[in-house]
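A.B. asks: Here's my sequence, what's the structure:
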Amino acid sequence: MQIDPEYLTTRQAAEFIGMSAKWLEAARLRGEGPPHSKLPKAVRYSRSDLVEWMRERRVVPGAVDPAKPESAATKGGTFRRGFADA
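C.D. replies: As a prediction, the model looks like this:
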């Protein structure tokens, strides 16, 4: 019988979200990344926390983010990469 745990190790969590374990460890040390639980000699990630964390980072192309000001591209202005508008 195979057990499908709710709480995953760093390696399992990294595989679950498609990132490396090193990236997940570094993000955790920077105070970034998904929520986790600290145990005496282990760190665990909840599957439901990982799913929620991924959903919070979902990007829908073409959608307007009300928290961000409009860019020149969305205002119909001229956008030239590497050059300042005169």
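
A.B. asks: Any stretches of this structure with poor pLDDT?
C.D. replies: For the chain, the stretches with pLDDT under 70 are 1-3, 66, 69-86.

A.B. asks: try it again with 90
C.D. replies: Applying pLDDT under 90 to the chain picks out residues 1-5, 60-86.

A.B. asks: is it true that Y45 touches P5?
C.D. replies: No - look at Y45 against P5 with CB atoms under 8 Å: they stay out of range, at 10.3 Å. C-beta here means a position set from N, CA and C on the backbone, and glycine is covered the same way.

A.B. asks: Look at those two and report which has more neighbours.
C.D. replies: Between Y45 and P5, Y45 has the larger neighbour count (other CB atoms under 10 Å), namely 25 against 10.

A.B. asks: longest strand anywhere in the chain?
C.D. replies: Looking across the chain with DSSP state E, the single longest strand is strand 42-46.

A.B. asks: beta partners for S37?
C.D. replies: Assessed by DSSP bridges, S37 has beta-bridge partners R44.

A.B. asks: Could you measure from it over to D49?
C.D. replies: As for S37, its distance to D49 is 9 Å (criterion: CB to CB, to the nearest Å).

A.B. asks: which of these two has more neighbours?
C.D. replies: Between S37 and D49, counted using other CB under 10 Å, D49 has the larger neighbour count: 18 against 11.

A.B. asks: Doesn't the more buried one belong to a strand?
C.D. replies: No - counting by DSSP: H, G, I helix; E, B strand; the rest coil, D49 is not part of a strand but helix.

A.B. asks: give the contact list for it.
C.D. replies: Each residue near D49 by CB atoms under 8 Å, 6 or more residues apart in numbering is listed here: 34-36.

A.B. asks: Buried subset of those residues, written for ChimeraX?
C.D. replies: Remark: buried members of the contacts of D49, expressed as a ChimeraX selection using 16 or more other CB atoms under 10 Å:
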select :34,36
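
A.B. asks: and of the contacts of D49, the nearest to K68?
C.D. replies: P34 (23.0 Å; CB to CB).
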